[in-house]
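>>> Need a 3D model of the following:
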Amino acid sequence: MARSRSALRSFLVDCEKALAERDARGLRRELTPLDSVAGPLVRVGGATCVNWSSNDYLGLSQHPRLAHAASEAAHRWGVGARASRLLSGSTQIHADLERALAAWFRAPAALVFSSGYLANLGVLGSLAGPGDMIFLDRLCHASLVEASRLSRATLRVFSHNDAQQLATLLRRTPVRGRRIVVTEGVFSMDGDCAPVRELVAVAERHNALVYLDDAHGAFVRGKTGRGSPEEAKVPADRLVYMATLGKALGCQGGFVVGPQSLIDWITNQAKAFIYATALAVPVAAAAREALLVLQQEPRHRLALQRNTRRLRSHLSRLKISALGSSLARSSSPIAPVRLGGAARALAAARYLRKQGIWCPAVRPPTVPQGTSRLRISVTAAHTLEQVDDLARALQMVLSMTPGGA
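Got it, this is the predicted structure:
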């Protein structure tokens, strides 16, 4: 027992040293609890700020209909799901939500996971294994990187959004087992969009599947909110489509849609589904209601589009770009202001907070070294006045902390 305590103390000393090093480099992460949330406003540390770091793109997380649906479900079913889906955790509400998701994306079937992270682990792990190959965009989310590694497939990385390099990799790689191209519809830290149509065409020419994580594009992009494939005019049956309930729908959870045989295979194969407690029933009920709200209240998407255009117009005027391309041309509600070093990003975030703007700095390892940034996300709940105020504050930040944005 004494030896165990000594080993723990030694480990804790190592932790303290490593955390001190992160402190010195401006890379230590800390939790900042919010006192309250009211639409785009948050109360934090006794002050009210406009929140520019939320993924609640359509402002649905506090919609009265969603809150009522969750409350009703909690009273009827209880708070938790009590078990995994394959035991006793699968309710009629889960089944209704999956039918609604399949209908929304015009797919035969859908499967809901407890989180988007688990969905990626589960689905990719079901698609790929030893002897297979995964071709991953360099800027893919950590969950996709982790899922690819855990699958034990051979991993190849292609340059960000580079369909030509992907084609070269596929052409030069011997065909052994299944080949899967993995990308995102909208990249969460850069706000740019994958060339879905080109990537699918390249993959199909080389007999490869396409797995699309559309966490930040689902319900936002496309003429009717059916995501990046709709925006790219790519039929859903040409790829494996995954997205989340925790961004534009304002709820929590992840899902995959596709042919019934695919969903049945994932149900039987995905450890992140089989061994995880089901999504909480009130959350599933709220997500089902959110889909109805989207159908009946188009104003939320229209407000988001209006605010996105206004913000990107300001950023274009300030000559802020993402990966060398104009943010004004993107349909994404995510707009990064890249500031370089962590210290500069932290100073910018502190200044904005004093101005009543909540936008924490994003630093490595979330983003590559030397690309620390303010990751701004506009929502339908913001007002045009708030967008204009943010632009003025950003202009001041850039003048106070010179360097390439």
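>>> What helix or strand is E198 located in?
Element membership for E198 (DSSP states H and E) is helix 196-205.
>>> Can you give me the buried ones in the helix or strand where A348 lies?
Here A348 sits within helix 342-354, counting by DSSP H and E. Within helix 342-354, the residues that count as buried by 16 or more other CB atoms under 10 Å are 342, 344-349, 352-353. The way it works is simple: take the backbone N, C-alpha and C, and place the C-beta from them, glycine included.
>>> Stretch 41-48 too?
41-42, 44.
>>> residues making contact with it?
By CB atoms under 8 Å, 6 or more residues apart in numbering, the residues outside stretch 41-48 that reach it are 32-37, 49-51, 353, 356, 358.
>>> likewise stretch 379-397?
Counting by CB under 8 Å, 6+ apart, 39-40, 50, 52, 54, 56-59, 300-301, 303-304, 306-307, 310-311, 314-315, 317-318, 320, 333, 337, 348, 351-352, 355, 357, 374, 376, 378 sit against stretch 379-397.
>>> 7 Å instead, please
Stretch 379-397 is contacted from outside by 39-40, 50, 52, 54, 56-59, 300, 303-304, 307, 310-311, 314, 318, 333, 337, 348, 351-352, 355, 357, 378, using CB atoms under 7 Å, 6 or more residues apart in numbering.
>>> May I have the strands that pair with the helix or strand that the helix holding E198 is followed by, each with its orientation?
As assigned by DSSP H and E, the chain's next helix or strand after helix 196-205 is strand 209-213. Paired strands of strand 209-213, with direction, are strand 179-184 (parallel), strand 240-244 (parallel) (DSSP bridges).
>>> what's the angle between the longest one and helix 196-205?
What that stands for is strand 179-184. 170 degrees (axes from the mean of the first three to the mean of the last three CA atoms, to 10 degrees).
>>> Please put the alpha-carbon coordinates of strand 179-184 into CSV.
Coordinates of each C-alpha in strand 179-184 appear next as CSV, following Å, rounded to 0.1, in the frame of the first residue of the first chain:
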residue,chain,number,x,y,z
ARG,A,179,-10.5,2.2,-48.2
ILE,A,180,-12.2,5.1,-46.5
VAL,A,181,-11.8,8.8,-47.0
VAL,A,182,-12.6,10.8,-43.9
THR,A,183,-13.4,14.5,-43.8
GLU,A,184,-15.6,17.1,-42.3
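>>> picking up where we left off before, would you mind checking which of the buried residues of helix 342-354 is nearest to G225?
L352 (30.3 Å; CB to CB).
>>> For that closest one, list the residues it contacts.
Residues near L352 by CB under 7 Å, 6+ apart: 359, 393, 397.
>>> at 10 Å instead, please
By CB atoms under 10 Å, 6 or more residues apart in numbering, the contact list for L352 reads 49-50, 52, 358-361, 374, 376, 390, 393-394, 396-397.
>>> Can you check the pLDDT for it?
With respect to pLDDT, L352 has a value of 96.
>>> for the stretch 251-400 of the chain, what spans make up the helices?
Assigned by DSSP state H, counting those that start in this stretch, the helices in the stretch 251-400 of the chain fall at 260-269, 271-274, 281-296, 299-317, 342-354, 384-400.
>>> which one of those lies closest to L144?
Per CB to CB, nearest to L144 of the helices of the stretch 251-400 of the chain: helix 271-274, 13.2 Å.
>>> who's in contact with the closest one?
Contacts to helix 271-274, defined as CB under 10 Å, 6+ apart, come from residues 84-87, 111-115, 117-126, 147, 150, 254, 256, 266-268.
>>> tell me which residues in it are buried?
So for helix 271-274, counting by 16+ other CB under 10 Å, buried means 272-273.
>>> centre of the chain versus it, how much separation?
Centroid displacement of helix 271-274 relative to its chain, using CA atoms, centre = their mean, to the nearest Å, is 20 Å.
>>> now swap in stretch 265-277 and tell me
Using CA atoms, centre = their mean, the offset of stretch 265-277 from its chain centre is 21 Å.
>>> A81: neighbour count?
The tally of other residues near A81 (other CB atoms under 10 Å) stands at 25.
>>> Ok, D23 next?
Burial of D23 is recorded as 10 neighbouring residues (other CB under 10 Å).
>>> so where does it fall, helix or strand?
Element membership of D23, judged by DSSP H and E, is helix 2-25.
>>> How far off centre is that helix?
On the basis of CA atoms, centre = their mean, helix 2-25 is displaced by 32 Å from the centre of the chain it belongs to.
>>> That one versus helix 342-354: what angle between them?
Using the same axes, to 10 degrees: helix 2-25 against helix 342-354 is 80 degrees.
>>> residues making contact with helix 2-25?
Outside helix 2-25, the residues that touch it by CB under 10 Å, 6+ apart are 27-29, 341-343, 363-364.
>>> which of the residues you listed lies closest to L212?
P364 (26.1 Å).
>>> Return the residues in contact with the closest one.
25-27, 342, 370-372.
>>> Out of these, which two sit at the greatest distance?
R25 and T371 (14.6 Å).
>>> Of the two, which one has the most company?
Neighbours were counted for R25 and for T371 using other CB under 10 Å; T371 has more, 19 against 13.
>>> how far away is that one from D190?
9 Å (CB to CB, to the nearest Å).
>>> Next: I93.
Distance of I93 to D190, computed by CB to CB: 36 Å.
>>> more neighbours, these two?
Higher neighbour count among I93 and D190: D190, with 25 against 22, using other CB under 10 Å.
>>> per-residue confidence for that one?
pLDDT for D190: 92.
>>> Could you double-check that it lies in contact with R138?
No: counting by CB atoms under 10 Å, D190 does not reach R138; the two are 11.0 Å apart.
>>> got any residues that touch both of those two?
Common neighbours of D190 and R138, using CB under 10 Å, 6+ apart, are 160-161.
>>> Y241 contacts L209, doesn't it?
No: using CB under 10 Å, Y241 makes no contact with L209, being 11.5 Å away.
>>> the more surrounded of those two?
With neighbours defined as other CB under 10 Å, Y241 and L209 compare such that Y241 has more, 27 against 19.
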